[in-house]
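J.: The sequence and its predicted three-dimensional model are supplied below.
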Amino acid sequence: MAKRDFKKLLKELYQPSAKAPAMVDVPPMNFAMVEGEGDPNTSEWFQQATEALYAISYALKFETKGIDPEQDYVVPPLEGLWWSEDPAVFQSEDRSGWLWTLMIMQPDPIDEDMFIDAAARLQEKKDLPGLMEMRFDRLVEGKCAQIMHIGPYAEEGPTVEALHTFIAEHDGELAGKHHEIYLGDPRKTAPEKLKTVLRQPCA
């Protein structure tokens, strides 16, 4: 029995072209989310949040499969929202002012009650600090521009600039937080081959 793979089922959201930005209408989706701040490369909290998100996501996947095997799915990729009180910090090497929300999409039939119950059971088995700060929430983005960035995270700047230019050329304005979807595992993938969806809500 084939698992639901949302990277394929929602190809327009998870597999944009790397050649040029495009507009997309993103439907509301439910996520497990954890907030934080600081440099993702050195923040212990960033690592703890990532670990907890994967732990709860796999727990919910197996619970869903146990209830109805036909609802089994591939755990969606890690995603991040990024912003700052002072946007200039993104042009600086000092990343202490970066604010972020790490998250993983939770598909139907998962709801908040299932999430709360699974988190409580998981916390009894494992000491995961990220679970204590995690929430189940709905993200509504709507109209967005997005593009695939291929290469190291540190070299996203020109791709982000192209995305913003595309929005301006289509008489749009930035209307939400910078959104990234991490399709590659930096522990297993060479930096130059990493694939990251860069998405920007716009109005």
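T.: Perfect, thanks for sending it.
J.: What residues sit buried inside the top helix by length along the chain?
T.: Assignment by DSSP state H gives helix 44-67 as the longest helix of the chain. Within helix 44-67, the residues that count as buried by 16 or more other Cβ atoms under 10 Å are 45-46, 48-50, 52-57, 59-61, 64. In short, each C-beta sits where N, CA and C put it, glycine included.
J.: Repeat that for stretch 183-190.
T.: residue 183.
J.: Contacts for it, please.
T.: The contact list for stretch 183-190 (Cβ atoms under 8 Å, 6 or more residues apart in numbering) reads 7, 14, 77, 153, 193-197.
J.: now do stretch 30-49
T.: In contact with stretch 30-49 (Cβ under 8 Å, 6+ apart) are residues 52-53, 56-57, 79, 95-107, 110-111, 115, 128-130, 133-139.
J.: Repeat the analysis, applying 6 Å as the threshold.
T.: 53, 56, 95-96, 99-106, 129-130, 133-135, 137-139 (Cβ atoms under 6 Å, 6 or more residues apart in numbering).
J.: same check, this time on stretch 58-73
T.: 3-4, 75, 107, 110, 118, 122.
J.: what's the answer for stretch 159-176, then?
T.: Counting by Cβ under 6 Å, 6+ apart, 21, 145, 147, 149, 198, 200-203 sit against stretch 159-176.
J.: Near residue 182, how many other residues are there?
T.: For residue 182, the neighbour count with other Cβ atoms under 10 Å is 17.
J.: any idea where the strands of this structure begin and end?
T.: 22-26, 29-37, 78-83, 99-105, 135-139, 142-150, 178-182, 195-201 (DSSP state E).
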